[in-house]
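K.L.:
Generate a structure from the sequence data that follows.
(2 chains)
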Amino acid sequence: QQQVKQSPQSLIVQKGGISIINCAYENTAFDYFPWYQQFPGKGPALLIAIRPDVSEKKEGRFTISFNKSAKQFSLHIMDSQPGDSATYFCAASSVGSNTGKLIFGQGTTLQVKP
Amino acid sequence: KAGVTQTPRYLIKTRGQQVTLSCSPISGHRSVSWYQQTPGQGLQFLFEYFSETQRNKGNFPGRFSGRQFSNSRSEMNVSTLELGDSALYLCASKLSTGVETQYFGPGTRLLVL
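P.N.:
Sure, this is the predicted structure:
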């Protein structure tokens, strides 16, 4: 029940295309869903996050779509650029229970071809 | 503001040894969490500290331990190292409990031979 399942494992997109990464969770106590971006040799960096009272959140080219009833959320990267090539992790936590424990998906390696 | 810093960045140890990793959170952040990242298991939560108290612990053996000091700096220790402990160990800090955003450091790459 603590798992977060992420797909696909890897993704190749042409420059200018849309990258879509999906995540699903089981634990209904989760109330915070961040996406992290990680480049080789670096720690994960927060990209965008959403709470379950919102169905969509957009920041620049990055959009999270959230479906509470299906217990799924996804990251859309519009106009994908070669600089977006990185590993992306979805995560979930239960902030309401005052814990910082993040449960991460397995990660998606994105390659954007020029 | 300086980000989360971790030392050392790289470490090579042999089986059976012990290791201590250090994390300095962002100034003003009082909550520190540790994660282990491996290609096979991904990112897994180790423990969380706030005000020098362990608030949460992941599913790791007792060889993994940590502590937090009064200045919010944190250390984690792994005793009797095993080959499978080779990983990137990440520290993340946030302002307080109940606050959402965690900021990660660059990690310490541990190789156990």
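K.L.:
was I right about residue B:97 contacting residue B:50?
P.N.:
Yes - the pair residue B:97 / residue B:50 is scored as a contact, 5.3 Å apart, by Cβ atoms under 8 Å. Every residue, glycine included, has its C-beta placed from N, CA and C.
K.L.:
can you list residues touching both of these two?
P.N.:
residue B:31 (Cβ atoms under 8 Å, 6 or more residues apart in numbering or on different chains).
K.L.:
So which of those two has more stuff around it?
P.N.:
Using other Cβ atoms under 10 Å in any protein chain shown as the criterion, residue B:97 and residue B:50 rank with residue B:50 on top: 22 against 17.
K.L.:
Leaving out the residues flanking it, which one is nearest to the more buried one?
P.N.:
Among residues not flanking residue B:50 along the chain, residue B:31 sits closest, at 4.6 Å (Cβ to Cβ, 6 or more residues apart in numbering or on different chains).
K.L.:
Surely the one you found and residue B:100 touch.
P.N.:
No - if you go by Cβ under 8 Å, residue B:31 and residue B:100 don't touch, sitting 11.0 Å apart.
K.L.:
what about the residue nearest to residue B:50, how many neighbours?
P.N.:
Around residue B:31 there are 25 other residues, counting by other Cβ under 10 Å.
K.L.:
Which residue ranges of chain A form strands?
P.N.:
In chain A, the segments counted as strands under DSSP state E are A:4-7, A:10-14, A:19-25, A:33-38, A:45-50, A:56-59, A:62-67, A:72-77, A:86-92, A:103-104, A:108-113.
K.L.:
which one of those strands lies closest to chain B?
P.N.:
Evaluated with Cβ to the nearest Cβ, those place strand A:103-104 nearest to chain B, the distance being 4.0 Å.
K.L.:
So what are the sheet partners of that closest one and their directions?
P.N.:
strand A:86-92 (antiparallel) (DSSP bridges).
K.L.:
can you give me how far stretch B:27-47 is from the chain middle?
P.N.:
6 Å (Cα atoms, centre = their mean, to the nearest Å).
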